[in-house]
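Trainee: quick one: sequence plus predicted model below, questions after.
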Amino acid sequence: MKLVVGLGNPGSKYEKTRHNVGAMVADGLVASAGERWKVHKKSGAEVAEVRLGGQSVLVAKPRTYMNESGRQIGPLAKFYSVSVDDLIVVHDELDIDFGAVRLKRGGGEGGHNGLRSLSQVLGTRDYLRVRIGIGRPPGRQDPADFVLKPFPSSARNEVELLIANGCDAVELLLGQDLESAQNTVHAW
């Protein structure tokens, strides 16, 4: 089984923040499939089994704070015997311009505590990533403060398009090899 994980922070305080775009993409995938979230008893993560690209896929969101994401996703991946080759993690990325989506396998965490937690628990960084560009903070604003701020209301349409593109990128990764999906997504 393939596992798609949308990283974010729990609770209404964080649901519209830049750091939650991964969770927003997961919500979009589940909603478009007409499914609902449920809590996985063994891991504590929110999960939904959906059909994407003609296959059954498990979509998940940790219910922990970002820096503890691995605490729920590690046991979930183990429960379903998901190999690292079948794991797709969707997350916000400061080093990509706002509105861009990029795909890759592995690499560093770039200060992203959710990725760091996940990599520590999994024992590898070599999972597929859908990197959702949120851009760098303006001026000298602290990146930690920037990612926890909501998107401005003036960017609502752009955020909706970004989430839709993130969902499309996940579906491409599920149906194609990484290089083919990159060729399509990176041309957007």
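Mentor: Done, it's in. Numbers count the residues shown, from 1 in each chain.

Trainee: buried residues in the longest helix belonging to the chain?
Mentor: Secondary structure assigned by DSSP state H gives helix 156-175 as the longest helix of the chain. Along helix 156-175, these residues count as buried under the neighbour rule (16 or more other Cβ atoms under 10 Å): 159, 162-163, 165-174. Where you see a C-beta, it was placed from the backbone N, CA and C, and this is true even at glycine.

Trainee: now distance to residue 34 too, for those, in CSV please.
Mentor: Listed next are the buried residues of helix 156-175 as CSV, based on distance: Cβ to Cβ, whole Å:
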residue, distance to residue 34
159, 22
162, 22
163, 17
165, 21
166, 19
167, 14
168, 18
169, 21
170, 17
171, 15
172, 21
173, 21
174, 18
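
Trainee: going by distance to residue 153, which of these wins?
Mentor: The nearest member of those to residue 153, counting by Cβ to Cβ, is residue 159 at 9.7 Å.

Trainee: can you list contacts of stretch 161-177?
Mentor: With Cβ atoms under 8 Å, 6 or more residues apart in numbering as the test, stretch 161-177 has contacts from 2, 4, 21, 24-25, 28-29, 32, 52-55, 57, 88, 90, 98-99, 101, 103, 128, 130, 132-133, 180-181, 184-185, 188.

Trainee: so of the residues you listed, which ones are in strands?
Mentor: 2, 4, 52, 55, 57, 88, 90, 101, 103, 128, 130, 132-133 (DSSP state E).

Trainee: just the buried residues from those, in ChimeraX please.
Mentor: Burial among the ones in strands among the contacts of stretch 161-177 is assessed by 16+ other Cβ under 10 Å; the matching ChimeraX selection reads:
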select :2,4,52,57,88,90,101,103,128,130,132,133
